[in-house]
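Participant: Predicted model and sequence below, questions to follow.
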Amino acid sequence: MDKKLLGLLACPVCKGDLKLNEGKTELICYQDAMAFPIREGIPVMLASEARTLSTDERLHKN
């Protein structure tokens with residue numbers, strides 16, 4: 001994921017910051033506790049495609 005692109009993207013729900021996860025497969029919004037997938041290098045910024053973060057993930061922000 002290009003850092004410039006990451007800097008331009010915002011959570012589609014709250015418009016907050018996103019963090020790239022360690023595996024570089026998801027963009028995380030800690031405010032909404034959602035993880036948006038990255039498929040074939042393209043972030044899927046749809047709330048319907050996002051998964052909810054587990055309690056452990058919420059507590060261990062990177």
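Facilitator: Thanks, I have it. Numbering: from 1, shown residues only.
Participant: from here on, contacts and neighbour counts on C-alpha atoms
Facilitator: Fine.
Participant: Could you tell me whether residue 22 really is in a helix?
Facilitator: No. The assignment for residue 22 (DSSP: H, G, I helix; E, B strand; the rest coil) gives coil, which keeps it out of a helix.
Participant: what about it, neighbour count?
Facilitator: Residue 22: 9 surrounding residues under other C-alpha atoms under 10 Å.
Participant: how much space is there between it and residue 10?
Facilitator: 18 Å (C-alpha to C-alpha, to the nearest Å).
Participant: Repeat that for residue 34.
Facilitator: Where residue 10 is concerned, residue 34 sits at a distance of 12 Å (C-alpha to C-alpha).
Participant: which one of those two has more residues nearby?
Facilitator: residue 34 (22 against 16).
Participant: which residue packs closest to that one, ignoring adjacent ones?
Facilitator: residue 52 (4.7 Å; C-alpha to C-alpha, 6 or more residues apart in numbering).
Participant: who touches that neighbour in this structure?
Facilitator: When contacts are counted by C-alpha atoms under 8 Å, 6 or more residues apart in numbering, residue 52 touches 33-35.
Participant: Now the residues you listed in TSV, please, with extra columns for secondary structure.
Facilitator: Formatted as TSV, the contacts of residue 52 follow (three-state DSSP):
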residue	secondary structure
33	coil
34	strand
35	strand
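Participant: wait, which of those residues is closest to residue 6?
Facilitator: In terms of C-alpha to C-alpha, no member of the contacts of residue 52 lies closer to residue 6 than residue 35, at 14.1 Å.
Participant: you'd agree residue 10 is up against residue 27?
Facilitator: No. Using C-alpha atoms under 8 Å, residue 10 makes no contact with residue 27, being 9.6 Å away.
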